[in-house]
Structure formats: C-alpha cells, structure tokens
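> With the sequence up front, the predicted model follows.
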Amino acid sequence: MATVTIAAQPREGRKKGAARRLRAAGRIPAVLYGLGEAPLKLSFDDRDFRRAIGTGSGIRAVLKLEVEGGDEKVAILREIQRHPVNRNVVHADLLAIDLTQPIEVSVPIVPKGISIGVRNEGGVLGWARRELNIRVLPTRIPESIEIDLTDVHINEAIHAGDIEADGFEIIDDPQATICSVASVSLVEEVTEEGEGEATETEGGEDGATEGEAATPTEGDSE
C-alpha cells in the first residue's frame, strides 16, 4: 500500500463562509480525528490532495501529513464530500492511525477468469458485493483482493469464507455471498417478479468511483 506525503495547514473558523473562502483559494477543508485526540481542523492544497488520492491506492493510501507548525501525523481517509454538480472534493474526514495497530478498511474485489458456469453451462454471473471488509496493519492494506472465478459452476457461489486471506483478517460473515452463477431461466423468473438484483456477465464489471471509500454526502461542511 502506498504512503503519500502531503502538506497540511491548521485552519480556524467554524462557519461555512470560512470553508467557502478556503475552497475559493484552492484549498480543501478537512478534519482529522482519532487516537483519542481532539479533532484537528486542517486544509490541503487542492492539487496536492487530488494527486494524493489519484495514486493506484486511491483513498486507501496511507497519508503522511506534514502539518505546518505542528507534528507529523499519519492518517487514512474516512470520507470525502463532493460538490453535487462538478463532483469536486469540498471536504475530507481523516482518521489518525498508529502504523503498528491493525485497522478496519474495505477493499475492492477484482475477479479473475471466466467461470465454467458462464462459459460452458449457460449461466449468468451476479454480484452480491464488490468489496470485502478486512482488519489489517496500515502498511499492509492491499489495493484489491483477487478472486478466481474459473471453477464456479452454475448454481454455485463464492462466499467470504472461501477467500484466502494473506496478511489480513476478513471480518465479514464467512457465509456472506460475494458472487454466484445462476441459470438464465432463474434470472429471468426473478427479474419478472421484481425480487432480484440485476445481474451481469463476466467482463461487464463496474464499481464505485475511484477514491471513494464511503458514500459521499453532499453540501457544505465546516
């Protein structure tokens, strides 16, 4: 997992106007929480921040914060808020961490191969989730977790407990379904009844916007 160094400045003011002025000056307001310390209000240069979350690790990167006039902090992003129209980042919440202590994060799942159920048996692959929740040292957060679909037959599924954990602990329920291969007739029946989730064939994967660990909330923040 990448570690990205970024300069931060302490900020004052609790009103929305102060945050707007910061954004107008090309800075992103943020708050750092965690490790039993009082919340610390910060701001980042917009370009520096976009470069930080534009790495291969996205918002899962470990951020080394060089705070002007203060101590260096280590953190991960917990949430970013975006403008509802232009999608620019307008606020960030960060969690201070101890590099020697495990943390809980969600990591995207990357499929490998085409299942035999889709390739040879006329099945359709459906996804129940695209991420796994894991407990891991901050320095060992994987950018993604790969799962091999090759041997999944029709009417079979991959569960959280089937995934090999290398250097981390999976904290999701072992019985939680990741994906499954169903017959076309079953998919059509469920779709007609309006009770099932949309399915997709392998190779039609889509996911959350890169760099978004949590669902963004819209609007102005301090």
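Perfect, thanks for sending it.

> just checking, Pro10 touches Phe44?
No. If you go by C-beta atoms under 8 Å, Pro10 and Phe44 don't touch, sitting 11.7 Å apart. (Glycine included, C-beta is placed from N, CA and C.)

> Compare these two and say which one has the larger neighbour count.
Phe44 (24 against 12; other C-beta atoms under 10 Å).

> Once you drop chain neighbours, what's closest to the more buried one?
Spatial nearest neighbour of Phe44, chain neighbours left out: Ile28 (4.9 Å); criterion: C-beta to C-beta, 6 or more residues apart in numbering.

> Could you break this structure into its assigned domains?
3-97, 104-193 (automatic domain parsing).

> Quick check: end-to-end length of the first one?
In terms of C-alpha to C-alpha, to the nearest Å, the two terminal residues of domain 3-97 are separated by 13 Å.

> swap in stretch 142-150?
Start-to-end, stretch 142-150 (C-alpha to C-alpha) is 22 Å.

> And the contacts of it?
1, 56-57, 60, 107-116, 125, 132, 134, 136, 158, 163, 167-168, 178-179, 202 (C-beta atoms under 8 Å, 6 or more residues apart in numbering).

> If we use 10 Å, what do you get?
The contact list for stretch 142-150, computed with C-beta atoms under 10 Å, 6 or more residues apart in numbering, reads 1-2, 55-58, 60-61, 105, 107-119, 125, 131-132, 134, 136, 158, 162-168, 170, 178-179, 181, 202.

> Only the buried residues of stretch 76-94, if you could.
Residues 76-82, 89-94 are the ones in stretch 76-94 that count as buried (16 or more other C-beta atoms under 10 Å).

> Can I get the domains of the chain in a markdown table including mean pLDDT?
Below are these laid out as a markdown table (pLDDT from 0 to 100):
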| stretch | mean pLDDT |
| --- | --- |
| domain 3-97 | 88 |
| domain 104-193 | 91 |
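
> what about Asp151, how many neighbours?
For Asp151, using other C-beta under 10 Å, the count is 11.

> Would you mind naming the helix or strand containing it?
Per DSSP states H and E: Asp151 is located in neither a helix nor a strand.

> quick one, helices of this protein?
16-24, 46-53, 116-119, 184-193 (DSSP state H).

> This completes my enquiry, with thanks.
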